[in-house]
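S.K.: Here you go, sequence then predicted model.
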Amino acid sequence: GSSWNNCDFETNLCKVLPEFNLETGWIRRNGQSGMGPPYSDHNGNESAYFLSLSSEMQSSSAALRTNVFLPTDGEHLCQVRFHYWVSQMSGTLMVGLQKHSDDTVTNIWQVSGEGRNQWNVNTITINSTEKYEV
């Protein structure tokens with residue numbers, strides 16, 4: 001059966017992301033925080049929370065890492081669906097896959113130029129024969 005872990009950041013991070021383990025640069029905020037756009041979440045809710053990179057981070061990178069997921073097979077697919085907003089002129093958002101037998105992170109999706117200053121949504125299907133993180 002399908003089981004969805006929904007991550008809305010309203011009270012904390014969520015089950016998928018290790019609790020309050022935000023790497024430097026990521027902040028949990030909403031549209032009323034006075035930090036510039038976006039001024040609401042993807043539903044137009046000004047008080048709903050989302051994760052954002054602080055403006056001091058423009059020249060470097062910051063990662064978000066999930067908990068460990070179990071291997072996928074014919075019955076168990078993994079789909080990661082997320083809403084994102086890209087506003088920096090030079091920013092690139094990447095999704096990587098790290099399998100447990102490998103130290104390297106494989107880039108499986110990225111966006112940089114298109115869809116700026118608006119909420120976009122994307123779904124990634126992940127196949128892995130071993131435990132992995134995203």
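M.R.: Noted; the coordinates are in hand.
S.K.: Kindly provide the distance from the residue in the chain sticking out farthest from the centre to Asn127.
M.R.: When each C-alpha in the chain is compared with the mean C-alpha position (C-alpha atoms, centre = their mean), Gly74 comes out farthest, at 25.4 Å. Distance, Gly74 to Asn127, using C-beta to C-beta, to the nearest Å: 10 Å. Every residue, glycine included, has its C-beta placed from N, CA and C.
S.K.: Kindly report the same for Ser87.
M.R.: Distance of Ser87 to Asn127, computed by C-beta to C-beta: 32 Å.
S.K.: ok, now Lys99?
M.R.: Noted for Lys99: a distance of 11 Å to Asn127, by C-beta to C-beta.
S.K.: So which of the two has more stuff around it?
M.R.: Lys99 (16 against 11; other C-beta atoms under 10 Å).
S.K.: Report the rounded mean pLDDT for stretch 101-109.
M.R.: Averaging pLDDT along stretch 101-109 yields 92.
S.K.: So which bits of that stretch are buried?
M.R.: Val105 (16 or more other C-beta atoms under 10 Å).
S.K.: so where is this structure shaky, pLDDT-wise?
M.R.: Scanning the chain for pLDDT under 70 picks out 1-2, 19-22, 57-59, 88-90, 114-115.
S.K.: if we go to 90?
M.R.: Along the chain, the parts satisfying pLDDT under 90 run over 1-28, 35-37, 52-67, 69, 72-78, 86-93, 102-103, 111-118, 127.
S.K.: got the domain boundaries for it?
M.R.: 7-63, 65-133 (the TED database).
S.K.: ok, so what distance separates Gln32 from Tyr84?
M.R.: Going from Gln32 to Tyr84 by C-beta to C-beta gives 20 Å.
S.K.: again with Gly25
M.R.: In terms of C-beta to C-beta, Gly25 sits 16 Å off from Tyr84.
S.K.: and what of Glu130?
M.R.: For Glu130 relative to Tyr84 (C-beta to C-beta), the value is 27 Å.
S.K.: Equivalent analysis for Met94, please.
M.R.: Taking C-beta to C-beta, one finds Met94 at 11 Å from Tyr84.
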